[in-house]
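Undergrad: Here you go, sequence then predicted model.
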Number of protein chains: 2
Amino acid sequence: MSDAQSQTLAGPTGEVDTSSSKGRIIISIDAMGGDRGPNAVVAGIAKSAKKNPAIGFILHGPSSDLKRLVSRRKVLRGRVEIRDAEGVVRMDDKPSQVVRHGKDTSMWSCLESVRNGEATVAVSCGNTGALMALSMIRLRKIPGVNRPAIAVLWPSRNPSGFNVMLDVGADVRADEEDLLQYALMGASYARNGMKLDRPRIGLLNVGTEENKGRAELKAAHDLIEKAAPGAQFDFVGFVEGGDIPGDVCDVIVTDGFTGNVAIKTGEGTAKLIGDLLKEAFKFSPLSRIAALLALTSMRRLQKRIDPRRVNGGVFLGLNGTVVKSHGSADATGVAAAVKLAFQLAQQDLTNKIKARVASATQSEEDDAEDNKVAE
Amino acid sequence: MSDAQSQTLAGPTGEVDTSSSKGRIIISIDAMGGDRGPNAVVAGIAKSAKKNPAIGFILHGPSSDLKRLVSRRKVLRGRVEIRDAEGVVRMDDKPSQVVRHGKDTSMWSCLESVRNGEATVAVSCGNTGALMALSMIRLRKIPGVNRPAIAVLWPSRNPSGFNVMLDVGADVRADEEDLLQYALMGASYARNGMKLDRPRIGLLNVGTEENKGRAELKAAHDLIEKAAPGAQFDFVGFVEGGDIPGDVCDVIVTDGFTGNVAIKTGEGTAKLIGDLLKEAFKFSPLSRIAALLALTSMRRLQKRIDPRRVNGGVFLGLNGTVVKSHGSADATGVAAAVKLAFQLAQQDLTNKIKARVASATQSEEDDAEDNKVAE
């Protein structure tokens, strides 16, 4: 861990130096486990390498295959280190099995590079449950964090075009302390990943009145409200499902069960509307002409809400950041996940969250002391 | 209650006779409490009256205002009985206050007509929380039902164009027994309100594997699976958020917290896409022309997913059915809620749910007896 820390300290120029090779930020990439195989992953990192000369890669998977794929891309020359790992975590593998018997897999190897400090962020398109279980075991939780969370960006009416939502499925439960930690981690993510100085945090509920909802939500409301000034975010209180694509806040805090159902409902609804739209345009000769004329507008809209553009759930609360790309990600999707990983590494997100959680824990302890004195 | 029952018995012709006046089915209507006031409500019931000669209305609110509004609509002549109620439940009134001090309100009076058997179904555009609290107190729960639920129709890929989802907000909690009752009530609703002989029931979770999710969901899975053959529905097991607008099942069972977040997320996403679509069409002269040409196609799509077409959450599990219309419903929305109320009254939904819950409770007791004998 001291290795990892030394690699993420700011250098004398004020720049973050997270890599050992040529001042590049090194991202650890799991080449296997995605639906489209290592081809799509290598094509994706080639895209990233072209756009951003400051990224270097450690690529994990069967070395003979990977060498072949990488050698075909000129832009990757001198930018990729390959680590041989013959095993692959499949989408239907059980997390507990992977934790016990997955040492030879590319996923394990990918996390190992973050664990030993060679890379700051790991990216994988593989099995989410297994990736979270392995990350917990290998990277371990930040002191003070009880449950790590998965955060995603979600298309919204905000100027940035997106909101952050967490947890969307790391854990099906969350008590008030967990929800407070999600608020702190989500605020750090929004500040560093979305460049929002003072993110607005909302707590997801079934109504905005303070007397509504489950008991742990009322308790969390108070905890988050109290932490807001010290942690430099604005707490807007309870928000509703309709605010997830809205503009009343930047970060939506919820438990992993509710968050997971919400994003899948939103995705499913968007997909249904998209398909109905296509049908509508095919209905008559006139609507076919309209479709032709509307092509550019439609493409612009599609780009605006294209999930590939914001590909990547981020695991927060661990000693090291892990970006979980969609299993079905193509080269564009993988490149988006790498871009996100780069930003978070550059901002040194992990250590910022560590400091934030430590300071909140400290101030809670101080409060407890104060209360004791007051009694 | 015996009154109410005698009113919903099938007549000698096999037709359901739920009214005392001219063989019409009587719907009790709360004229007040919606965002658009009694004007929209009276316009809505006039629309319904025109389309369906078999509906009669009892209308609740300040009688002088209502008389004036009703007398302007020829089609309502002889079809509306007005009940004077001066009080109005406001959108921000607390349910507990309304229960204690709301005796003079149109909402109370509206439910009273169902309670005393003059009408089979109540329709209100008012405050959901107050309407549920009053319905629980005045109509009371069906024996064997622990928590009543709110069910909504949701645009989906199914041939009918819709799915049923419940609970979407009657209660923020639900244990395995509650979820079983939701499955039974949802199946009855789908059978009678959507004419599906053998509805397919899905239980909402964060994954479809049987070992996933919260403990009460695993227990509910087993209870519902066991009840399926006797209650004549097919249980498809766990479903995910993406299946809410999908076609793998007809009824989605979940707790009121998750269900409420899910429908609001879906609505918000649909609205965001609709607004972005409008923007896209305004972008350039070419896209404006496209918009013009696409007008009919767009209208067709809009109609397909127009929430006003399926306006009405239905309160299930009470002695009498209550249809909660959107607070912002216009005449079209109110007419849709009345149409739904008519269908459910015609099918005698309340008594069918009663029978279904009683028989499930009985078979559970039988099982307990069997187990005793086996021991």
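TA: The structure has been received and is ready for your questions.

Undergrad: drop to CA atoms for contacts and neighbour counts, all remaining ones
TA: Fine.

Undergrad: Could you report the neighbour count for residue A:101?
TA: Look at residue A:101: counted by other CA atoms under 10 Å in any protein chain shown, it has 11 neighbours.

Undergrad: ok, now residue A:124?
TA: 30.

Undergrad: quick one: it from residue A:149, how far?
TA: Distance, residue A:124 to residue A:149, by CA to CA, to the nearest Å: 16 Å.

Undergrad: which residue ranges form the strands in chain A?
TA: A:25-30, A:55-61, A:80-84, A:121-124, A:149-155, A:162-166, A:200-204, A:234-239, A:251-253, A:313-316, A:321-324 (DSSP state E).

Undergrad: between those strands, which gets nearest to residue A:300?
TA: Closest of the strands of chain A to residue A:300 is strand A:149-155, at 13.9 Å (criterion: CA to CA).

Undergrad: So which residues make contact with the closest one?
TA: For strand A:149-155, contacts defined as CA atoms under 8 Å, 6 or more residues apart in numbering or on different chains pick out A:161-171, A:182, A:186, A:244-245, A:256, A:304-305, A:310, A:312-317.

Undergrad: That one pairs with which strands?
TA: Its sheet considered, strand A:149-155 pairs with strand A:162-166 (antiparallel), strand A:313-316 (antiparallel) by DSSP bridges.

Undergrad: can you tell me which residues contact the spatially most central residue of chain A?
TA: With distances taken as CA atoms, centre = their mean, residue A:314 lies nearest the centre of chain A, 1.6 Å away. Taking CA under 8 Å, 6+ apart as the criterion, residue A:314 is in contact with A:150-152, A:321-324.

Undergrad: again, only using 6 Å
TA: The contact partners of residue A:314, taken as CA atoms under 6 Å, 6 or more residues apart in numbering or on different chains, are A:150-151, A:322-323.

Undergrad: Relative to residue A:336, how far out is residue A:186?
TA: 20 Å.

Undergrad: repeat for residue A:195
TA: Distance, residue A:195 to residue A:336, by CA to CA: 17 Å.

Undergrad: neighbour-wise, which of those two wins?
TA: Taking neighbours as other CA under 10 Å, residue A:195 and residue A:336 compare with residue A:336 leading, 24 against 13.

Undergrad: and stretch A:225-237, how far apart are its ends?
TA: Using CA to CA, the end-to-end distance of stretch A:225-237 comes out at 8 Å.

Undergrad: For it, buried residues please.
TA: Neighbour-count burial for stretch A:225-237, with 16 or more other CA atoms under 10 Å in any protein chain shown as criterion, is recorded at A:225, A:227-228, A:231-237.

Undergrad: what about it, average pLDDT?
TA: The pLDDT scores in stretch A:225-237 average 94.

Undergrad: Could you do stretch A:189-198 as well?
TA: Per-residue pLDDT values over stretch A:189-198 give a mean of 90.

Undergrad: And for that stretch, what's in contact with it?
TA: Residues from elsewhere that reach stretch A:189-198 (CA under 6 Å, 6+ apart): A:233, A:344, A:347.

Undergrad: what separates it from the chain centre, distance-wise?
TA: Computed by CA atoms, centre = their mean, to the nearest Å, the chain-centroid distance of stretch A:189-198 equals 13 Å.

Undergrad: And that stretch, end to end?
TA: With CA to CA as the measure, stretch A:189-198 spans 11 Å from end to end.

Undergrad: Stretch A:321-339 now?
TA: Using CA to CA, one end of stretch A:321-339 lies 13 Å from the other.

Undergrad: mind listing the helices in the stretch 201-350 of chain A by residue range?
TA: For the stretch 201-350 of chain A, helices defined by DSSP state H, counting those that start in this stretch occupy the ranges A:215-231, A:256-282, A:285-293, A:295-305, A:331-346, A:349-374.

Undergrad: before we move on, the earlier item: how many other residues sit next to the closest residue to the residue nearest to the centre of chain A other than its chain neighbours?
TA: Using CA to CA, 6 or more residues apart in numbering or on different chains and skipping the chain neighbours, the partner closest in space to residue A:314 is residue A:323 (4.6 Å). Residues within reach of residue A:323, counting by other CA under 10 Å, total 26.

Undergrad: Tell me how far residue A:323 lies from chain B.
TA: 20 Å (CA to the nearest CA, to the nearest Å).

Undergrad: is that residue in a bridge, and if so with what?
TA: Counting by DSSP bridges, residue A:323 is bridged to residue A:123, residue A:314.

Undergrad: Report the contact partners of it.
TA: Neighbour list for residue A:323: A:123, A:312-314 [criterion: CA under 6 Å, 6+ apart].

Undergrad: Please look at residue A:59 and residue A:27 and confirm they touch.
TA: No - with contact defined as CA atoms under 6 Å, residue A:59 and residue A:27 do not form a contacting pair (8.6 Å).

Undergrad: how near is the residue nearest to the centre of chain A to chain B?
TA: Counting by CA to the nearest CA, the gap from residue A:314 to chain B is 18 Å.

Undergrad: Now tabulate the contacts of residue A:323 in a markdown table and tack on distance to residue B:281.
TA: Output for the contacts of residue A:323, formatted as a markdown table (distance: CA to CA, whole Å):
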| residue | distance to residue B:281 |
| --- | --- |
| A:123 | 37 |
| A:312 | 30 |
| A:313 | 32 |
| A:314 | 34 |
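
Undergrad: closest to chain B among the residues you listed?
TA: Distance to chain B, by CA to the nearest CA, is smallest for residue A:313 among these, at 15.6 Å.

Undergrad: neighbours around the closest one, how many?
TA: If we define neighbours as other CA under 10 Å, then residue A:313 has 26 of them.
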